[in-house]
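# Structure, please.
(one chain, ligands or ions: 1)
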Amino acid sequence: MEINKIYKGDCIDVINKEIDKDSVNLIFADPPYNLSGNSLNLKNNKTGGAFYKVNEDWDTYDYDDYVVFTQNWIGACHKILKDNGSLYISCTQHNIGEVLFVAKKLGFKLNNILTWYKVNAMPNITKRTYTHSTEFVCWFVKGKNWVFNYDVVKKFNPNKTKAGKDKQMRDFLDFIKLPIVQGKERLRGENGRALHPTQKPEKLLELIVKASSNENDIVLDPFFGTGTTGFIAKMFNRNWIGIENNSEYIKLAKQRLTEKNIEYV
Ligand SMILES: C[S@@+](CC[C@H](N)C(=O)[O-])C[C@H]1O[C@@H](n2cnc3c(N)ncnc32)[C@H](O)[C@@H]1O
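Model prediction:
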């Protein structure tokens, strides 16, 4: 298998054919949530710019197919993770039930569910439910000796002791406040519109990569999108593997990785 490379193709096929068993230290997966099909957008929003709901073919499944897909890709990830490896899966209310059920059935232990509170979430258009402002990241481990760099994670706590030292994590919890990606970090086309609908915040990946891997480890992302995971892994001296089946997104991820002098194949 090759590292520091984007593989093009379906992640289940690529993992089964190309990635060595028991070889990966950390997997971050941001799969299709199967929430598309409703194209209600807010184009003339005056306060935070236009909002576009995710509405993509790659995110649309028949329910039974979605369950089988979830079983197959999480099963494939289980096979390639090392014994002390971690699997982080990004979810919303749409898929968290299926993810938890499948991962537990495969023998993964659930260590935490991180809640990402999106401080600039899309406004409530229908006024028929509470405003949706959270996503979750489920942290699963394969064996008993998982990596958790507590002292590094402590540095993410903005509050310090009176002596200016890193503080115990009583006020930095499994609850993370971060905006949806915006400003310079957001990859945009010439028309100003985001080039990928679900680009994840670099700060979220930085936390996960630093917490659950060490330098020179292998970090794999089976739904690479714009390459956020590879970008952060490389920045913090980890090896990375990306898998993505959409050529346009691969082009985008390659650009993002090469602009920062990252090698790719
Ligand atoms: C939710 S997005 C990931 C976004 C990414 N985290 C980022 O920061 O840009 C999911 C990505 O998975 C890709 N994808 C969907 N199904 C796939 C499959 N079966 N195999 C490989 N990639 C897939 C989509 O094209 C999409 O780019």
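
# CA atoms of stretch 82-100 as CSV?
Only the C-alpha atoms of stretch 82-100 are listed here, as CSV (Å, rounded to 0.1, in the frame of the first residue of the first chain):
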residue,chain,number,x,y,z
LYS,A,82,-4.3,-1.4,14.2
ASP,A,83,-5.2,-3.0,17.5
ASN,A,84,-4.9,0.2,19.4
GLY,A,85,-6.5,2.3,16.6
SER,A,86,-9.2,4.9,16.8
LEU,A,87,-12.2,5.5,14.4
TYR,A,88,-13.9,8.9,14.6
ILE,A,89,-17.2,9.1,12.6
SER,A,90,-18.9,12.4,11.9
CYS,A,91,-22.7,12.2,12.3
THR,A,92,-25.9,14.0,12.7
GLN,A,93,-29.3,12.9,14.0
HIS,A,94,-29.8,11.4,10.5
ASN,A,95,-27.2,8.6,10.7
ILE,A,96,-26.0,8.4,14.3
GLY,A,97,-28.3,5.5,15.2
GLU,A,98,-27.1,3.4,12.3
VAL,A,99,-23.4,4.2,13.0
LEU,A,100,-23.6,3.4,16.7
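
# so does it get close to the ligand?
No - using CB under 6 Å from any ligand atom, stretch 82-100 stays clear of the ligand, with a minimum separation of 7.1 Å. C-beta coordinates here come from the backbone N, C-alpha and C atoms, glycine included.

# First-to-last residue distance for stretch 194-214?
Start-to-end span of stretch 194-214 (CA to CA, to the nearest Å) is 32 Å.

# Quick one: mean pLDDT over it.
What stretch 194-214 shows for mean pLDDT is 95.

# so how far is that stretch from its chain's centroid?
In terms of CA atoms, centre = their mean, to the nearest Å, the centre of stretch 194-214 is set 6 Å apart from its chain centre.

# list the buried ones in that stretch?
Judged by neighbour count (16 or more other CB atoms under 10 Å), stretch 194-214 contains these buried residues: 194-196, 198-202, 204-213.

# Next: stretch 71-90.
71-78, 80-82, 85-90.

# Among the buried residues of stretch 194-214, name the ones in helices.
202, 204, 205, 206, 207, 208, 209, 210, 211, 212 (DSSP state H).

# How many neighbouring residues does the closest residue to the ligand within the chain have?
The chain approaches the ligand most closely through residue 225 (2.6 Å), counting by CB to the nearest ligand atom. Here the number of neighbours of residue 225 (other CB atoms under 10 Å) works out to 22.
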